[in-house]
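>>> just a sequence and a predicted model for now, questions to come.
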Amino acid sequence: MSTEKQKIVLATGNKGKVKEFERLLENFPYEVVPQSAFDLTDADETGTTFVENAIIKARHAAKLTGLAAIADDSGLAVDALGGEPGVYSSRYAGNDASDQQNVDKLLQALANVAEENRTARFLCVIVFMQSAEDPTPIICQGEWHGHISQVRRGEKGFGYDPVFWVSSQNQTAAQLPAEVKNRLSHRGKAMAKLLDCLSDKLGLMD
Ligand SMILES: O=P(O)(O)OP(=O)(O)OP(=O)(O)OC[C@H]1O[C@@H](n2cnc3c(O)ncnc32)[C@H](O)[C@@H]1O
Ligand SMILES: [Mg+2]
């Protein structure tokens, strides 16, 4: 019997996510290949929810590669901003905004917001699709609660990590070792659920 693992495409262009997934998928029963290996065009994230955008990205990658796909749509919801930037987190400061510009805009928007009102949460939806036509994709969600700090701290991670204060660790997400972030994070929690669902659905990883 062949021991070769089925290939699956990781449908994200975000290098920070790819790095986290490499660790999170260490015991995954598939060989996971980032979409950069296939020279894929980016999907149009036209959804208004994380669920829709994650499905759009997974379906796009599955269609173009003919493989099963995993996609992650995630973002930061800040209470004092009515949940913004939310689904639009990567485009908060404009369509091609850098992480730095997005964080600058966030700190400006919260400049007059007191410490106790700077609560926020990271949200993540991960979708697993067997093929572009899969009628029952697996959809898993995770949340991570924190505060937006006044200044940046830390060099690790990506995106809004330098200003996402995790009180239980007394550090920002960008100061946490990768394995600690993966244990606590929205992405780590969603991924743990996906592993559970997959082992139920496919009888794998017993
Ligand atoms: O769509 P793909 O190709 O996956 O890459 P992306 O960076 O555009 O990803 P999203 O559309 O899901 O947007 C997510 C945004 O939320 C931010 N974000 C998500 N997870 C994060 C995390 O763990 N730490 C910091 N920022 C995060 C991230 O910086 C992006 O600006
Ligand atoms: Mg995106």
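Sure thing, it's come through. Residues are numbered from 1 along each chain as shown. Ligands and ions are numbered 1, 2, ... in the order given.
>>> who's in contact with residue 179?
residue 23 (CB atoms under 8 Å, 6 or more residues apart in numbering). Any C-beta I mention is one placed from the backbone N, CA and C, and that applies to glycine too.
>>> tell me if the helix or strand containing it is near ligand 1.
Residue 179 belongs to helix 178-184 when assigned by DSSP states H and E. No: contact of helix 178-184 with ligand 1 is not found when judged by CB under 6 Å from any ligand atom; the minimum separation is 7.2 Å.
>>> next, the buried residues of the next helix or strand along the chain from that helix.
Scanning forward in sequence from helix 178-184 by DSSP H and E, the next helix or strand is helix 186-202. For helix 186-202, the neighbour count (16 or more other CB atoms under 10 Å) marks 186, 187, 188, 189, 190, 191, 194, 195, 198 as buried.
>>> stretch 73-89 now?
Applying 16+ other CB under 10 Å to stretch 73-89 flags 73-78, 80-81, 84-87, 89 as buried.
>>> just these: which are in strands?
Counting by DSSP state E, the part of these found in strands is 73, 74, 75, 76, 77, 78.
>>> filter these down to the ones near ligand 1?
Among these, the residues within reach of ligand 1 (CB under 6 Å from any ligand atom) are 73, 74, 75, 76.
>>> bridged to the first one, which residues?
The residues listed as beta-bridge partners of residue 73 by DSSP bridges are residue 125.
>>> give the contact list for it.
Here residue 73 is in contact with 45, 47, 50, 51, 53, 54, 57, 87, 124, 125, 127 (criterion: CB under 8 Å, 6+ apart).
>>> wait, residue 15 sits on residue 99?
No: the criterion here is CB atoms under 8 Å, and residue 15 misses it with residue 99 at 11.0 Å.
>>> the two: who's more crowded?
Neighbour count, other CB atoms under 10 Å: between residue 15 and residue 99, residue 99 has more, with 17 against 11.
>>> not counting sequence-adjacent ones, nearest residue to the more buried one?
residue 159 (5.2 Å; CB to CB, 6 or more residues apart in numbering).
>>> circling back to that earlier point, how about TSV for the buried residues of stretch 73-89, with pLDDT and distance to residue 150 added?
Shown next, in TSV, are these (pLDDT from 0 to 100; distance: CB to CB, whole Å):
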residue	pLDDT	distance to residue 150
73	98	28
74	98	24
75	98	21
76	99	16
77	99	19
78	99	14
80	98	13
81	98	16
84	98	18
85	98	18
86	98	22
87	98	25
89	98	20
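>>> setting aside sequence neighbours, what's the nearest residue to residue 14?
Nearest one to residue 14, counting by CB to CB, 6+ apart, is residue 158 at 7.0 Å.
>>> spit out the contact partners of residue 146.
Applying CB under 8 Å, 6+ apart, the residues near residue 146 are 119, 120, 121, 122, 164, 165, 166, 167, 173.
>>> near ligand 1, which residues of the chain are found?
Checking the chain against ligand 1 by CB under 6 Å from any ligand atom, the hits are 12-14, 17, 45, 57, 72-76, 89-90, 99, 102, 122, 157-161, 173, 185, 187.
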